[in-house]
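In: Here's my sequence, what's the structure:
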Amino acid sequence: MQKAVSTRLVLGIALVFGLLLGFGSITCGFRWFSEDRNTENILAIDFNSPGSGTTRIGAQNFTNSTKSELTELPDRITNLTIPTQLFHQKAAIATWTSILTQDQLLDWLEESIHKDWQVSTFFRTEFQKAMVERLSQRSPELALEFALDRFEPVRSSLGSIVFFNWAVKDLNGAIEAAKSLDLLDRYWALRSIFESQEGLAPEQQQEIARALGDETYALTFYFQSLLAEGIEDPENVWFEVLELAVPNNRHHETILEAVATAWIHQAGLEAFNEISSSIKDRSTKNSVALGVLLDFADVPEQTAEAFEYVFSQNDEFPWKEPILNSIIWRWAKYDPDAVLRRAMTLPPSHFKESMIEDVYHGKALNDPKSILSNLNTVPRQHQVHIGKIAVRALSESSPSDAVNLVLQIDEKRLQHAVGVALVHHWAKLDLKDMKTWVLSLPENEPLRDTLVASISHLFVDSDPQ
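Out: Below is the predicted model of the structure:
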């Protein structure tokens, strides 16, 4: 009974606190709204709509005097009074472009490319997009002419807007205009034309793509549409895409990789057995194997599984050795000790030594100070190579620590090799400090003569006197 009363008391307090908090939020919200948003709505622009420039009506607010200023256009674009806040800028752009005549659009577009119009890159780009869209609805030929006179990436960005709007209004006209473009420009023009047409049958897309000299793009666009809708049944989608995909087409290989990745995510890594066996073209098989398995191995919790899977395959497995080496490199960054333990279970081989070297390479980059302090624990055949990597990495952040650790190396052959690597890399960072350190070494220090001889040409290049 006492527990029930206590529970009701807690709930009651929580309810009262919630009501107070709610009233406070409403009061603050109302005060903000009434102080900052107390006037009528005007146009806003949505720059993420299809065609990268479609406008819409939105709820951005200005004072009456501000709205009046926006509709009183100056003769030149450079005389515009531009709002400071981003959403006010977007609304202003929408207002200006809605009342500009065709001649004004042409004039302002030309003026917008001049350096004397000192505005942010964002504002210039978004204003050009809005003006090109408006012009493309009236005279797409003139809008395209302006777009094609620009450099990339502005050229394709504005050109895509033109073809999207042109195709909405006149599909055949847009297709004819696209035929005059060079091959690279036809790619983005074709994409924009397809994006503008809802419900266009695959056969119609293929016919349009054929007319523009890139029939395979119709398939590419169809595949991309499948991916955009989400892959609920990747196994069936895989076989559909595989049957239609064109061998040695990088766009199609990328899509195959995406579908295969979705299938493995759903069914596990063993699904790659069926994926690999279903691909007949060797080049496509190699590309998909590399992309999918390295993508899987990029997740730290899955790297060891990826290694075991590929390692267990026979030598006919597509690109087995390069894929294994790439997986080991990733694994050594995530968990070097686990890689070292696994390597020690393998029989002697070049592969085992390479695996061990990758472990210490990763450690030398991630914790160079520890590696230099314990070079004697690194397998002897790898000490020089790993010591050089570690000393270069440490000299980037702490040359003094690198210097002290080099002087503590007992074995002279190893000390000299690592010391030479240090001064050569240090010279790139701070030649003066490096020279000062080398020349300050005691005359009886054997390392001094080795380093002076090694970097003598650096002294000449930097100080010929």
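In: Now do the strand or helix carrying Trp437: distance to the chain's middle.
Out: Taking DSSP states H and E as the criterion, Trp437 maps to helix 412-440. Centroid displacement of helix 412-440 relative to its chain, using CA atoms, centre = their mean, to the nearest Å, is 37 Å.
In: Show me what it is packed against.
Out: Judged by 3 or more CB pairs under 8 Å, 6 or more residues apart in numbering; DSSP states H and E, helix 412-440 is in contact with helix 383-397, helix 399-407, helix 446-454, helix 456-462. In this view, the C-beta of every residue, glycine as well, is placed from N, C-alpha and C.
In: Can you lay out these as JSON lines showing mean pLDDT?
Out: Output for these, formatted as JSON lines (pLDDT from 0 to 100):
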{"stretch": "helix 383-397", "mean pLDDT": "94"}
{"stretch": "helix 399-407", "mean pLDDT": "91"}
{"stretch": "helix 446-454", "mean pLDDT": "86"}
{"stretch": "helix 456-462", "mean pLDDT": "59"}
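In: tell me which residues of the helix holding Trp437 are tucked away?
Out: Across helix 412-440, burial judged by 16 or more other CB atoms under 10 Å covers 414-427, 431, 434-435, 437-438.
In: Stretch 113-126 now?
Out: For stretch 113-126, a neighbour-count test (16+ other CB under 10 Å) marks Trp117, Phe123, Arg124, Thr125, Glu126 as buried.
In: My guess is the second one contacts Thr84. True?
Out: No. The pair Phe123 and Thr84 fails to qualify as a contact (CB atoms under 8 Å) at a distance of 10.8 Å.
In: any chance you could map the strands in this protein?
Out: 41-45, 55-61 (DSSP state E).
In: any idea which of those strands scores lowest on pLDDT?
Out: Least confidently modelled of the strands of the chain is strand 41-45, at a mean of 31 by mean pLDDT.
In: List the residue ranges of the protein that fall below the pLDDT cut-off.
Out: For the chain, the stretches with pLDDT under 70 are 1-71, 457-465.
In: Residue ranges of each domain in it, please.
Out: By the assignment in automatic domain parsing, the chain contains the domains 33-184, 227-297.
In: Out of those domains, the one nearest Lys363 is which?
Out: domain 227-297 (19.2 Å; CB to CB).
In: Can you get me the start-to-end distance on that closest one?
Out: 22 Å (CA to CA, to the nearest Å).
In: how about TSV for the domains of the chain, with distance to His382 added?
Out: Below are these laid out as TSV (distance: least, CB to CB, whole Å):
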stretch	distance to His382
domain 33-184	46
domain 227-297	24
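In: Tell me which of those sits nearest to Pro202.
Out: domain 227-297 (9.7 Å).
In: From the chain's centroid, how far away is the closest one?
Out: 21 Å.
In: Next: stretch 406-414.
Out: With CA atoms, centre = their mean, you get 43 Å for stretch 406-414.
In: All the helices of the stretch 1-150 of the chain, in order from the start?
Out: 2-36, 64-71, 86-99, 102-111, 121-138, 140-148 (DSSP state H, counting those that start in this stretch).
In: Would you list the phi and psi of Lys280?
Out: phi -90, psi -40 (degrees, to the nearest 10).
In: Neighbours of it, how many?
Out: Residues near Lys280, counting by other CB atoms under 10 Å, number 9.
In: That one and Ala245: what is the separation?
Out: Distance, Lys280 to Ala245, using CB to CB, to the nearest Å: 11 Å.
In: picking up where we left off before, now the helices and strands packed on helix 412-440 as a markdown table including mean neighbour count?
Out: Shown next, in a markdown table, are the helices and strands packed on helix 412-440 (neighbours: other CB atoms under 10 Å):
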| stretch | mean neighbour count |
| --- | --- |
| helix 383-397 | 21 |
| helix 399-407 | 19 |
| helix 446-454 | 16 |
| helix 456-462 | 12 |
